[in-house]
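Q: build me a model:
(2 chains)
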Amino acid sequence: MPSEPDSVKTDALIEIDRVEFGYDASRTILDNVTLNFARGKVTSILGGSGCGKTTLLRLIGGVHAPSKGEVRFDGRKVDTRDKAGLYELRRRLGMLFQFGALFTDLTVFDNVAFPLREQTDLAESTIRDIVLMKLNAVGLRGAAHLRIGEVSGGMARRIALARAIVLDPELIMYDEPFAGLDLISMGVAANLIRTLNDVTGATSLVVSHDVPECMAISDHVVLLATQGRIVAQGTPAELMASNDPEVRQFVRGEPDGPVKFHYPAPSLAEDFGVRAEAAS
Amino acid sequence: MNPLAALGRRVLDVLRAFGHAAFFFVDLLRAVPASLRRFSLVVAQIHAIGNLSLVIILASGLAVGFVLALQMYYALVAYGAAESLGLIVNLALVRELGPVVTALLFAGRAGTSLTAEIGLMKAGEQLAAMEMMAIDPKSRVLSPRFLAGMVSMPILAILFSAIGILGAYVVAVLLIGVDAGNFWSIMQSKVDVWRDVGNGIVKSAVFGVICTFVALYQGHETEATPEGVAYATTRTVVISSLSVLGMDFVLTALMFSTP
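A: Predicted structure coming up:
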């Protein structure tokens, strides 16, 4: 009997197949999640804090293994036990961390050059050209000589982006790329994500809770609730037009609705020590 | 929970922690060949861990030498044995004080800095970023520091003992007036290079492994918060110091059990 092929090409670059995961047995972060992310598209995963968005990225990168189900990258299972296979996969992806995760003991240039120096045998002159091109793409060629302590939060995010794309990855994952940025930096970052995707033909996954920016740059949007429950997915226009109360609450940023404003708590009467009838 | 179950859980937690640390140690050793191939990374760390610890090690060695000579002189002169001063100071330094005090200072100076550095790299997701770039942080970051600690510690201990002996010479010979020929010749005749100096160096190499490993492990396993890093740094000093003192007794018993 012929063995099953190791890698099966599909339209989806990433397949999340009935995945369950929790950091400990008592708390499930993702519960039976099935999702596909199309090649060459910008897909945004939106959801409130703690719904498992970043965890999803970590599972794709093989940082954690799902307790059930599997994650496939280009048809091949992401196996955290196979270190060589995992590193081979990671060479095909770039990740932008929430706060950049830049190496604080290196300059801007050396940060971007880091993956090239570690992963390739390119000559220093070639590395210089590639790094300056990538820094130019994010508008920071002139900042190449600066130390990381000398750059702003927005610049740090762009430097991290240059570093994430320096090896021309097939998949770029963005973890909260807009968090803590001013409006101009946010616009710049959003524009860069879209432009880089179109120019390089890579697949982009954006995890965020900034609705307007994601809606503006995405081809496809997935809205997640707690435990990775998929509330809705579709094009930005489809989600904006949705009549589902949960979708409306999230895309319009309403404080109360199907997602409660209050964390589950005992009644006010009980907490403040007053009798129920007096409270009512 | 019943007390027996609680005790069982505690024992299992401790065993799990030991197992985890053992795997971490094996991973570090596995990463050593890769670090040796990029020796410039190790050299940079020898500078950070070793060279930058020189001032505190030399100053402490000198102070210990001064005090040791003074105390020993007053103890020995009462029995007319002041000519043994050089020998006692030397043996105390090369066998015990050199390796042990250097290790304690090393844990305080270099160990804490390693833990804080690795802990903050973890908190800033720098280690995770490296992992996602398919670069093993154990080979690129941890192992060069581990090797640097192993190399630096014996050299620092030798320097500590050497400067301590010079300090003792200054106090005993130049200030108190003990005979210089006597001070040096008794050392020459009674101190064995392999048994005394050699074992002292072996001790300091073992302490170097312990201190560096504890510092790196605590940094790597720290909770990625300011409190977590602070707690890990404290634990580095406490665990390293107690391990060094405990291991010193074991090594002394093994090395010097026969007269």
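
Q: for residue B:60, phi and psi?
A: phi -70, psi -40 (degrees, to the nearest 10).

Q: quick one, helices of chain A?
A: A:53-60, A:83-90, A:108-119, A:124-137, A:153-164, A:183-200, A:211-217, A:236-240, A:245-252, A:268-272, A:276-279 (DSSP state H).

Q: right, so of those, which gets closest to chain B?
A: Nearest to chain B among those is helix A:83-90 (3.9 Å), distances taken as CB to the nearest CB. Where you see a C-beta, it was placed from the backbone N, CA and C, and this is true even at glycine.

Q: wondering if that closest one reaches chain B at all.
A: Yes. With CB under 8 Å from any CB of the partner chain as the criterion, chain B is reached by helix A:83-90 at A:86-88, A:90.

Q: tell me what angle that helix forms with helix A:53-60.
A: If you take axes from the mean of the first three to the mean of the last three CA atoms, to 10 degrees, helix A:83-90 sits at 120 degrees to helix A:53-60.

Q: tell me the contacts of residue A:179?
A: A:98, A:208, A:210 (CB atoms under 8 Å, 6 or more residues apart in numbering or on different chains).

Q: wait, doesn't residue A:176 sit right on residue A:213?
A: No. Here residue A:176 lies out of contact with residue A:213, judged by CB atoms under 8 Å, at a distance of 11.0 Å.

Q: circling back: turn the residues of helix A:83-90 next to chain B into JSON lines, including pLDDT.
A: JSON lines is the format used below for the residues of helix A:83-90 next to chain B (pLDDT from 0 to 100):
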{"residue": "A:86", "pLDDT": "90"}
{"residue": "A:87", "pLDDT": "90"}
{"residue": "A:88", "pLDDT": "89"}
{"residue": "A:90", "pLDDT": "90"}
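
Q: ranking those residues by neighbours, who comes first?
A: For the residues of helix A:83-90 next to chain B, counting by other CB atoms under 10 Å in any protein chain shown, the largest number of neighbours falls to residue A:90: 22 neighbours.

Q: which residues touch that one?
A: A:61-62, B:131-134.

Q: cutoff 6 Å now
A: Applying CB atoms under 6 Å, 6 or more residues apart in numbering or on different chains to residue A:90 gives the contacts B:132, B:134.

Q: distance of residue A:123 relative to residue A:129?
A: Distance from residue A:123 to residue A:129, counting by CB to CB, to the nearest Å: 10 Å.

Q: one more: residue B:217?
A: Residue B:217 is 41 Å from residue A:129, by CB to CB.

Q: out of those two, which sits in the busier spot?
A: residue B:217 (22 against 11).

Q: nearest spatial neighbour of the residue most central in space within chain B, chain-adjacent residues omitted?
A: Nearest residue to the geometric centre of chain B (CA atoms, centre = their mean): residue B:103, 2.5 Å. Excluding its sequence neighbours, the residue lying closest to residue B:103 (CB to CB, 6 or more residues apart in numbering or on different chains) is residue B:207, at 3.7 Å.

Q: just checking, that neighbour touches residue B:244?
A: Yes. Counting by CB atoms under 6 Å, residue B:207 does reach residue B:244; the two are 5.1 Å apart.

Q: what touches both of these two?
A: Both residue B:207 and residue B:244 are in contact with residue B:103, where contact means CB under 6 Å, 6+ apart.

Q: quick one: which of the two has more around it?
A: residue B:207 (28 against 25).

Q: could you report the neighbour count for residue B:117?
A: With neighbours defined by other CB under 10 Å, the count for residue B:117 comes to 19.

Q: any weak-confidence spans in chain B?
A: Residue ranges of chain B with pLDDT under 70: B:1, B:259.

Q: could you redo the last one with a cut-off of 90?
A: B:1-3, B:34-38, B:80-84, B:124-125, B:134, B:182, B:192-195, B:224-226, B:255-259 (pLDDT under 90).

Q: enumerate the residues of it near chain A.
A: Residues of chain B lying close to chain A by CB under 6 Å from any CB of the partner chain are B:125-126, B:129, B:132-135.

Q: show me those residues that map onto strands.
A: Members of these lying in strands (criterion: DSSP state E): none.

Q: among these, name the ones in helices.
A: If you go by DSSP H, the residues of chain B next to chain A have B:126, B:129, B:132 in helices.

Q: columns neighbour count on top of these, output as TSV?
A: Listed next are those as TSV, based on neighbours: other CB atoms under 10 Å in any protein chain shown:
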residue	neighbour count
B:126	21
B:129	25
B:132	24
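
Q: any chance of a markdown table for those residues, columns distance to residue B:234?
A: Rendered in a markdown table, the data for those read as follows (distance: CB to CB, whole Å):
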| residue | distance to residue B:234 |
| --- | --- |
| B:126 | 22 |
| B:129 | 27 |
| B:132 | 30 |
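
Q: specify which member of those is nearest to chain A.
A: residue B:129 (3.7 Å).

Q: how close does the spatially closest residue to that closest one that is not a sequence neighbour get to residue A:150?
A: Nearest non-adjacent residue to residue B:129, counting by CB to CB, 6+ apart: residue A:101, 3.7 Å away. In this view, residue A:101 and residue A:150 are 17 Å apart by CB to CB.

Q: other SSEs contacting whichever strand or helix holds residue B:105?
A: According to DSSP states H and E, residue B:105 maps onto helix B:98-106. Judged by 3 or more CB pairs under 6 Å, 6 or more residues apart in numbering or on different chains; DSSP states H and E, the packing partners of helix B:98-106 are helix B:143-169, helix B:199-221, helix B:226-255.

Q: just send these back as a markdown table, with distance to residue A:141 too.
A: Formatted as a markdown table, these follow (distance: least, CB to CB, whole Å):
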| stretch | distance to residue A:141 |
| --- | --- |
| helix B:143-169 | 31 |
| helix B:199-221 | 35 |
| helix B:226-255 | 35 |
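
Q: I'd like to know which of those helices is closest to residue B:49.
A: When the helices and strands packed on helix B:98-106 are compared by CB to CB, helix B:143-169 sits nearest residue B:49, at 4.8 Å.

Q: what's the angle between the closest one and helix B:199-221?
A: For helix B:143-169 against helix B:199-221, the angle by the same axes, to 10 degrees is 140 degrees.

Q: ok, now which ones touch residue A:221?
A: For residue A:221, the contacting residues are A:44, A:236, A:239, by CB under 6 Å, 6+ apart.

Q: again, only this time at 8 Å
A: Taking CB under 8 Å, 6+ apart, we find residue A:221 in contact with A:43-46, A:214-215, A:233-236, A:239.
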